[in-house]
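> Fold the following.
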Amino acid sequence: MITKVKDLTVEELRNLISDTVTDSMQDLIEDMTAISSENYLQSIEEARNDYTEGRVKSFEEIWCIK
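Numbering: from 1, shown residues only. Model (predicted):
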């Protein structure tokens, strides 16, 4: 059965919207905190350099999948 918006109560819809906004704001705060960290930014630069230079492992190598 597919649930449609018309099948939700006003309170359920309100909670769904509130939870979505709360989650989005938490993600935004985490992102802002991360990008304001010099160590975090340096780790991104290092990871990009590793990727460019081929210093990476495939998913299969990491998880020993053959």
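> Secondary structure element for Val56, which one?
Using DSSP states H and E, Val56 maps to neither a helix nor a strand.
> That one and Met32: what is the separation?
Using Cβ to Cβ, to the nearest Å, Val56 is found at 28 Å from Met32. Backbone N, C-alpha and C define where each C-beta goes, glycine included.
> show me the biggest helix of this structure in terms of residues.
For the chain, the helix with the greatest residue count under DSSP state H is helix 10-35.
> State the mean pLDDT of that helix.
Looking at helix 10-35 alone, the average pLDDT works out to 95.
> how far off helix 10-35 does the helix or strand hosting Asn39 point, in degrees?
Assigned by DSSP H and E, Asn39 belongs to helix 38-52. Using axes from the mean of the first three to the mean of the last three Cα atoms, to 10 degrees, the inter-axis angle of helix 38-52 relative to helix 10-35 is 80 degrees.
> Centroid-nearest residue for this protein?
Central residue of the chain (Cα atoms, centre = their mean): Asp27, 7.5 Å from the mean position.
> Now do the contacts for it.
By Cβ atoms under 8 Å, 6 or more residues apart in numbering, the contact list for Asp27 is empty.
> From Thr20, how far out is it?
With distances taken as Cβ to Cβ, Asp27 is found 11 Å from Thr20.
> Repeat that for Cys64.
In this structure, Cys64 and Thr20 are separated by 38 Å, where distance is defined by Cβ to Cβ.
> Looking at these two, which one has more neighbours?
Thr20 (10 against 6; other Cβ atoms under 10 Å).
> what about the more buried one, distance to Glu12?
Spatial separation of Thr20 from Glu12 under the definition Cβ to Cβ is 13 Å.
> CA atoms only for stretch 24-40, dumped as PDB, please.
What follows is stretch 24-40, C-alpha atoms only, in PDB (Å, rounded to 0.1, in the frame of the first residue of the first chain):
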ATOM      1  CA  SER A  24      18.900  19.300   7.500                       C
ATOM      2  CA  MET A  25      20.000  22.000  10.000                       C
ATOM      3  CA  GLN A  26      22.100  19.400  11.900                       C
ATOM      4  CA  ASP A  27      23.800  18.400   8.700                       C
ATOM      5  CA  LEU A  28      24.500  22.100   7.900                       C
ATOM      6  CA  ILE A  29      25.900  22.700  11.300                       C
ATOM      7  CA  GLU A  30      28.200  19.700  11.000                       C
ATOM      8  CA  ASP A  31      29.300  20.800   7.500                       C
ATOM      9  CA  MET A  32      30.100  24.300   8.700                       C
ATOM     10  CA  THR A  33      32.000  23.000  11.700                       C
ATOM     11  CA  ALA A  34      34.000  20.600   9.500                       C
ATOM     12  CA  ILE A  35      35.000  23.200   6.900                       C
ATOM     13  CA  SER A  36      36.100  25.600   9.600                       C
ATOM     14  CA  SER A  37      38.600  23.100  10.800                       C
ATOM     15  CA  GLU A  38      42.100  23.500   9.400                       C
ATOM     16  CA  ASN A  39      42.900  19.800  10.000                       C
ATOM     17  CA  TYR A  40      39.800  18.700   8.200                       C
END
